[in-house]
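[1] kindly generate the corresponding structure for this input.
(4 chains)
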There are 2 protein chains.
Amino acid sequence: MSEVQPDEHKIFELLQALHKEIGPKFERCAGMTPTRFRLLQELYRISEISQISLQKLLEIDAAAVTRHLKGLEENGMIARRNNPADNRVTLVSLTGQGREHINAYRENKTEFISDLLNGFNEQERTVLAEMLTRLQYNINLL
Amino acid sequence: MSEVQPDEHKIFELLQALHKEIGPKFERCAGMTPTRFRLLQELYRISEISQISLQKLLEIDAAAVTRHLKGLEENGMIARRNNPADNRVTLVSLTGQGREHINAYRENKTEFISDLLNGFNEQERTVLAEMLTRLQYNINLL
DNA sequence: CCTAATTCGTTGACCCGTCAACTAATAATT
DNA sequence: AATTATTAGTTGACGGGTCAACGAATTAGG
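    Just a heads-up that it's a prediction; the model follows:
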């Protein structure tokens, strides 16, 4: 029942190692960090949204959102304005440049992921996705 | 050939999300960060080692090693001494307390991983390990 | 032998995430 | 209506990683 194969520890280490590789490589392909790319993608879909909602979508800390937006604003990727109906909330939207970036790099991201999964046939991809989902489920119980 | 299923993007996001969950949960079980635990485990096996070798084992930046060791030294987990045969190198070893920590928490780590993989039978674990290895291989080509 | 190159470790600056403390604005309660 | 609670966002400090610059020790070469 509670026999532990060496495989288990290896899986743990693979997950760690994998993550460390993915970030930098992704950035080289997508022109920005995974999180920032995801942020822009959400804005692309949604057009305008409050920071708090964005934060919940991205599932990162509010402080991180603030700082990402600061950076992206300086790069001209996003714009912020006050919500006239509620002066606590800041509404965020893509600029033309941000939109362009997504359009220009969406393909790269897809190719990146495609390369990552190179050699996986459809069935294997399905199995992998399912297994990762199970891991996520398990970890949420801890 | 280059058809991209939504699954692919989902796998990418699962990997990211998974990693974010694992760190903090692991720490709750093992009494320290995954990297630091790994560091102590290596010392446990090897008894005494130079920082540079440790760095290569852990595959993290030398600066990170320096800082982890600083922290672990303050916690009384490890000790450092100069290599009299080469004054550039610092030799690192576990203290009794560090050894105790590993002994006390090794079981917890194993159980953590076991819980993470709860519901995976042996064959599934093998498949998962193999798939993650393939991902790692793929990413190293990028 | 003395100078040049390499190696080891540290430090500082940065990125990305966390949490905790705080301000400002709105909502709720009394 | 005034006070209290809640909400949105920012900021500072911290942990963990990166890279780049540096000093000290050692090794290699002219």
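[2] residue numbers of chain A in contact with DNA strand D?
    With Cβ under 7 Å from any atom of the strand as the criterion, chain A meets DNA strand D at residues A:20, A:50-52, A:55, A:62-63, A:65-67, A:69-70, A:80, A:88-91. All C-beta spots, glycine's among them, are computed from the backbone N, C-alpha and C.
[3] in strands only, show me those residues.
    Those of the residues of chain A next to DNA strand D mapping onto strands are A:50, A:80, A:90-91, per DSSP state E.
[4] quick one: residues contacting A:Leu58.
    A:35, A:38-39, A:42, A:65 (Cβ atoms under 8 Å, 6 or more residues apart in numbering or on different chains).
[5] tell me, which of these make contact with DNA strand C?
    Near DNA strand C, taking Cβ under 7 Å from any atom of the strand as the test, the members of the contacts of A:Leu58 found are A:Thr35.
[6] close to DNA strand C: what parts of chain A are there?
    Checking chain A against DNA strand C by Cβ under 7 Å from any atom of the strand, the hits are A:32-36, A:59-64, A:67-68, A:71, A:86-88.
[7] could you redo the last one with a cut-off of 10 Å?
    Residues of chain A lying near DNA strand C by Cβ under 10 Å from any atom of the strand: A:23, A:27, A:32-39, A:55, A:58-68, A:70-72, A:74, A:82-89.
[8] touching the longest helix seen in chain A from outside, list them.
    Taking DSSP state H as the criterion, chain A has its longest helix at helix A:6-30. Defining contact as Cβ under 8 Å, 6+ apart, one finds that helix A:6-30 is touched by A:33-34, A:37, A:105, A:108-109, A:111-112, A:116, B:12, B:15-16, B:18-19, B:22, B:34, B:59, B:110, B:113-114, B:116-117, B:122, B:125-126, B:128-129, B:132-133, B:135-136, B:139-140, B:142.
[9] centre of the chain to it, how far?
    15 Å (Cα atoms, centre = their mean, to the nearest Å).
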